[in-house]
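Engineer: just to be clear, the model below is a prediction. Sequence and coordinates:
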Amino acid sequence: MAVRVGVNGFGTIGKRVADAVRKQPDMTLVGVTKTTPSFEARRAVERKIPLYLAGDGPRSEFEAAGVPLAGTLDDLLGSVDVIVDCTPDKVGKENAARYRDAGVRAIFQGGEKPDVAEASFSALANFDTAVGKRSVRVVSCNTTGIARAASVVVGRWGVERWEATLVRRAADPAESKRGPINGILPTLQLPSHHGPDARTIYPDLPIATMAVVVPTTLMHVHTNRLRLARPPASTAEVVAAFRATPRFRLFAPWERVDGTPQVMEFARDHGVAGDDMMENVLWEAGVRLDGADLSFFQAIHQESIVVPENVDAIRALCVPGSRAAESIRTTDQTLGLSRP
Ligand code: NAD
């Protein structure tokens, strides 16, 4: 029987997760929530996704806007196996007890602290630890990017030291109240929270992160420098390993992808799951092995990278005996993610 899924919070992440769930052969999207009518509520109606009322807002606003409601959040919780909480940072924590009381499994996002759930999750790295659990937290966009890259390097070559600088987008494209900024803002917390967050997935990862915020809305870019314990023979071997791993997209020099503008243009051209780029993006020319020292850049599309991870998290929690490779394959095929 298909897993019955609800999405609480139909914003940047929630609407993408909802679309992705609808593409899965083993899942049914029961409904999504909104606190107020909006263009996103209209989107749900147009796509015939049942809309439920979240928060304390009045139904009258929906009625006045002609946006039909199928019920309240509690009604939705009464008809799903799992709820994907895509509410703003810290709201998920407030919802956790409600999900528990309703007896539904729950998936939280990276804006919540790790203790909101039984485990932190990133599919390539630790799918198995989530199997059979009742709640997980899909780590943030940047941490997902780091965890995926760690899944390539840690087991193969060992990591003695990893230093990363995260060049972060100031805001998402629709966040007109936040940015873009006119400046470069160092995150004056050292290390930045991303390294410790990556250790919720890889507890022994010797990574130290710093971050700056820059005036762009398109993507984040990470600069990485690693000392490897058992380095491979060549840069080509490193490139081949990234290329052979799901959820990585490498651009060759002849493709003339100078930076994030061309990456997003590529996504628009290819209609990658609705103009999104859910893969870690690397440039072949931006990977270099020098003895035991590995350097590489990667770009992370903050609005969509966690979407396939949420889909896999649903399977890990709700499909008995589910396996990482099989789930990742199904998710990637249905979302149109690239294979080399
Ligand atoms: P968002 O603001 O775009 O969307 C949140 C949605 O939840 C909005 O539609 C809002 O109206 C709705 N909402 C507000 N209060 C609610 C409530 N009490 N109940 C139900 N819905 C409510 O936020 P987002 O960017 O989608 O972020 C959601 C989560 O995903 C956060 O934890 C965030 O840290 C995480 N995340 C965001 C990004 C990103 O770059 N946008 C990337 C990865 C993870």
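Structural biologist: Noted; the coordinates are in hand.

Engineer: so who does the residue in the stretch 101-250 of the chain positioned nearest to the ligand touch?
Structural biologist: With Cβ to the nearest ligand atom as the measure, Gly111 is the residue of the stretch 101-250 of the chain nearest to the ligand, at 2.4 Å. (Each C-beta comes from the backbone N, C-alpha and C, glycine too.) By Cβ atoms under 8 Å, 6 or more residues apart in numbering, Gly111 lies in contact with Pro88, Asp89, Lys90, Gly92, Ser140.

Engineer: and if we set it to 6 Å?
Structural biologist: Gly111 sits next to Asp89 when contact means Cβ atoms under 6 Å, 6 or more residues apart in numbering.

Engineer: ditto for Leu282
Structural biologist: Leu282 touches Phe242, Leu250, Gln298, counting by Cβ under 6 Å, 6+ apart.

Engineer: same thing with Ala65?
Structural biologist: Ala65 neighbours (Cβ under 6 Å, 6+ apart): Pro37.

Engineer: quick check: phi and psi on Thr209?
Structural biologist: Phi and psi for Thr209, reported as degrees, to the nearest 10, are phi -120, psi 150.

Engineer: pretty sure it is touching Thr165, no?
Structural biologist: No: when contacts are counted by Cβ atoms under 6 Å, Thr209 is not listed as touching Thr165 (7.4 Å).

Engineer: neighbour count winner among the two?
Structural biologist: Thr209 (24 against 16; other Cβ atoms under 10 Å).

Engineer: report the beta-bridge partners for that one.
Structural biologist: Ala164 (DSSP bridges).

Engineer: OK, contacts around it?
Structural biologist: By Cβ under 6 Å, 6+ apart, the contact set of Thr209 is Ala164, Pro191, Ser192, His194, Gly195.

Engineer: state the distance from it to Ser192.
Structural biologist: 5 Å (Cβ to Cβ, to the nearest Å).

Engineer: can you select the buried ones from the contacts of Thr209 in ChimeraX?
Structural biologist: Per 16 or more other Cβ atoms under 10 Å, the buried members of those correspond to this ChimeraX selection:
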select :164,192,194,195
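
Engineer: would you mind listing what in this protein touches the ligand?
Structural biologist: 8-14, 33, 35, 40, 54-55, 86-89, 91, 109-112, 140-141, 172, 302-303, 306 (Cβ under 6 Å from any ligand atom).

Engineer: return the subset of those residues lying in strands.
Structural biologist: The strands, defined by DSSP state E, take in Asn8, Thr33 from those.
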